[in-house]
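Asks: take a look and give me a structure for this.
(one chain, ligands or ions: 1)
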Amino acid sequence: MSRPLWDKGGVSDAEMMRYTARDDWQLDQRLLRYDLLATAAHVRGLGRIGVLTADEVDRMTGAIDALSEECARGELVLTIADEDGHSAIEARLTQSLGELGKKIHTGRSRNDQVLVALRLYERDATLGLCAAATEGAHALLDLARAEEFTPLPGYTHLQRAVPSSVGLWAAGLSESVLDARDMLRANLRLIDRNPLGGAAGYGVNIPLDRDGVTRELEFAGVNVNPIAAQASRGTVEVGLLAAAWQLMATIRRFAWDVSLFTTSEFGFVKLPHALTTGSSIMPNKRNPDVVELMRAACGVVQGAMNELMGMLSLPSGYHRDLQLTKAPLMRGLDETLATVRMLPLVVRGLEFDRIRMRAAVSADCYATDRAVELALAGVPFRDAYRQVAAELDTLTPGDPDASLRARTSPGACADLRLDSLQARLDTAG
Ligand code: ARG
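Replies: As a prediction, this is how the structure comes out:
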């Protein structure tokens, strides 16, 4: 490992150094472009308060821009010799600018530097998840439109219950995906605040232009109190993963339904060949591995969130413990994005067996309809209920189309309110 930023003489144990640096340099590779963005904003902020001259600002931002371009080309590659991305930036700037490069850390600490880089990364990641969720909700809404009146039994306790429709199922999933997107957006309010300028966690003895830096980095506001900003490390990430979990829990439910519906016992749905995998021994198999992994992925996100929560029992101020929040955060977000991206693909691939679904709306499914019809004819509902229960064996199958069309209350099969779902889907804010 090269000489650390904090080296002031004395020898550090090499094994201890490896233990503390861990894989931080690899994780920081993904934060590097954001770190560079914030570094340039910091430099310009120092220029505005006269800590750096205009010429120094120009030369430094020029060198940072060059590093950003290198980074975008994939040529700024961190190695184990870099303790972390922050050290790498200072080392590279000192390499290219000499003495001037050593001024970069005036008025900041790696503690607020990592915070701001994470916030910028999280803002992009959240917007990416929201966009992917919108795609998924869109595919589900299209399905609801296409199969609006396609009969499908409604199940409770996994037992056939009442006539229902593919439209209701798909619109319901679409709505749940949009609920999760709202949670992601709500969490963005906590992410979208600039922590840079808090330095080690207690401010610094120069009048930093925090508002200007905040504007430059397009944050909605300043994360004013530096102790609160430091304490938010990890908790903001738990909030983000909790919102991601919400999305993943909906996808898990979708995956469960599809894996049931594709069994030969249900036989409602087939996946196209392109979305199935085979068995190494059983020539007859076409397996829905993709939906099974979409189901399991929720556990990955939950595990990441638990891992984070387990580290956050800390007193005020920065602690190195916080470094370990980075890996589960990235793992959880990566898993969520990869899984959400599969959603439209799988939804658009579903091949419904309409005849089997219609046939599965068996005579018993109409028991509730009958009891309600009797109630409408004047029989008190509890008496109607008992009367139908006594005659279950002789119940004749009803007409699924008529049953669906009679369900006219808002949200029910004949009034799915797909236009309001579409309007919600289209809201950007
Ligand atoms: N890699 C560190 C982290 O992620 C950067 C901050 C190091 N700060 C320190 N005081 N050692 O938290």
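
Asks: all the helices of the stretch 301-429 of the chain, residue numbers only.
Replies: For the stretch 301-429 of the chain, the helices defined by DSSP state H, counting those that start in this stretch cover 326-349, 354-360, 367-376, 381-390, 400-405, 418-426.

Asks: packing partners for the second one?
Replies: Counting contacts by 3 or more C-beta pairs under 8 Å, 6 or more residues apart in numbering; DSSP states H and E, the secondary-structure elements packed against helix 354-360 are strand 151-156. For every residue, glycine as well, the C-beta is placed using N, CA and C.

Asks: equivalent analysis for the longest one, please.
Replies: Using 3+ C-beta pairs under 8 Å, 6+ apart as the contact criterion, the secondary-structure elements in contact with helix 326-349 are helix 24-48, helix 110-146, helix 235-261, helix 289-311.

Asks: which of the residues in the last one are buried?
Replies: It refers to helix 289-311. Using 16 or more other C-beta atoms under 10 Å as the test for burial, helix 289-311 gives 290-291, 294-295, 297-298, 300-302, 304-305, 307-309, 311.

Asks: which one of those sits closest to the ligand?
Replies: The closest of the buried residues of helix 289-311 to the ligand turns out to be Met311 (C-beta to the nearest ligand atom; 11.4 Å).

Asks: isn't that closest one right up against His319?
Replies: No. Assessed by C-beta atoms under 8 Å, Met311 is found out of contact with His319, at 9.2 Å.

Asks: got the contact list for stretch 93-102?
Replies: Stretch 93-102 is contacted from outside by Glu56, Arg59, Met60, Ala63, Ile64, Ala66, Leu67, Glu90, Arg92, Ile104, using C-beta atoms under 8 Å, 6 or more residues apart in numbering.

Asks: go through the helix or strand harbouring the fourth one and flag the buried ones.
Replies: Ala63 belongs to helix 54-72 when assigned by DSSP states H and E. Along helix 54-72, the positions that meet the burial threshold by neighbour count (16+ other C-beta under 10 Å) are Glu56, Val57, Arg59, Met60, Thr61, Ala63, Ile64, Leu67, Ser68, Cys71.

Asks: got the angle for the next helix-or-strand element following it vs helix 110-146?
Replies: Counting by DSSP H and E, the element after helix 54-72 in chain order, helix or strand, is helix 85-97. When axes from the mean of the first three to the mean of the last three C-alpha atoms, to 10 degrees is applied, the directions of helix 85-97 and helix 110-146 differ by 120 degrees.

Asks: could you find the closest non-adjacent residue to the most centrally placed residue in the chain?
Replies: Nearest residue to the geometric centre of the chain (C-alpha atoms, centre = their mean): Ala244, 3.6 Å. Nearest non-adjacent residue to Ala244, counting by C-beta to C-beta, 6 or more residues apart in numbering: Thr336, 4.2 Å away.

Asks: with Asp401 instead?
Replies: Leaving aside its chain neighbours, Asp401 sits nearest to Phe149 (6.7 Å; criterion: C-beta to C-beta, 6+ apart).

Asks: re the thing from before, other SSEs contacting the helix holding Ala63?
Replies: The criterion is 3+ C-beta pairs under 8 Å, 6+ apart, and the helices and strands that helix 54-72 contacts are helix 24-48, helix 85-97.

Asks: which positions in the last one come out as buried?
Replies: For helix 85-97, the buried set under the neighbour-count rule, 16+ other C-beta under 10 Å, comprises Gly85, His86, Ser87, Ala88, Ile89, Glu90, Ala91, Arg92, Leu93, Thr94, Leu97.

Asks: do the first one as well
Replies: Applying a neighbour-count criterion of 16+ other C-beta under 10 Å, one finds 24-25, 27-47 buried in helix 24-48.

Asks: burial of the residue in the stretch 251-400 of the chain positioned nearest to the ligand, as a residue count?
Replies: Closest contact between the stretch 251-400 of the chain and the ligand, by C-beta to the nearest ligand atom, is at Gln323 (3.7 Å). Neighbour count of Gln323, defined by other C-beta atoms under 10 Å: 18.

Asks: so what pLDDT did it get?
Replies: Looking at Gln323, its pLDDT reads 97.

Asks: got a list of what it touches?
Replies: Gln323 makes contacts with Arg22, Asp24, as judged by C-beta under 8 Å, 6+ apart.

Asks: make 248 the first number, not 1, from now on.
Replies: Yep, numbering from 248; the last one is Gln570 now.

Asks: circling back: Serialize the helices and strands packed on helix 573-596 to CSV and add fields for mean pLDDT and distance to Pro519.
Replies: Output for the helices and strands packed on helix 573-596, formatted as CSV (pLDDT from 0 to 100; distance: least, C-beta to C-beta, whole Å):
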stretch, mean pLDDT, distance to Pro519
helix 271-295, 97, 34
helix 357-393, 98, 14
helix 482-508, 98, 13
helix 536-558, 98, 11
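
Asks: these into JSON lines, with extra columns for distance to Val324?
Replies: Putting these into JSON lines (distance: least, C-beta to C-beta, whole Å) gives the following:
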{"stretch": "helix 271-295", "distance to Val324": "7"}
{"stretch": "helix 357-393", "distance to Val324": "17"}
{"stretch": "helix 482-508", "distance to Val324": "26"}
{"stretch": "helix 536-558", "distance to Val324": "26"}
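
Asks: in TSV: those, plus distance to the ligand.
Replies: Converted to TSV, these look like this (distance: least, C-beta to the nearest ligand atom, whole Å):
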stretch	distance to the ligand
helix 271-295	5
helix 357-393	4
helix 482-508	12
helix 536-558	11
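
Asks: closest to Met264 out of those helices?
Replies: When the helices and strands packed on helix 573-596 are compared by C-beta to C-beta, helix 271-295 sits nearest Met264, at 11.4 Å.

Asks: what packs against the closest one?
Replies: With 3+ C-beta pairs under 8 Å, 6+ apart as the test, helix 271-295 has helix 301-319, helix 332-344, helix 357-393, helix 457-463, helix 573-596 packed against it.
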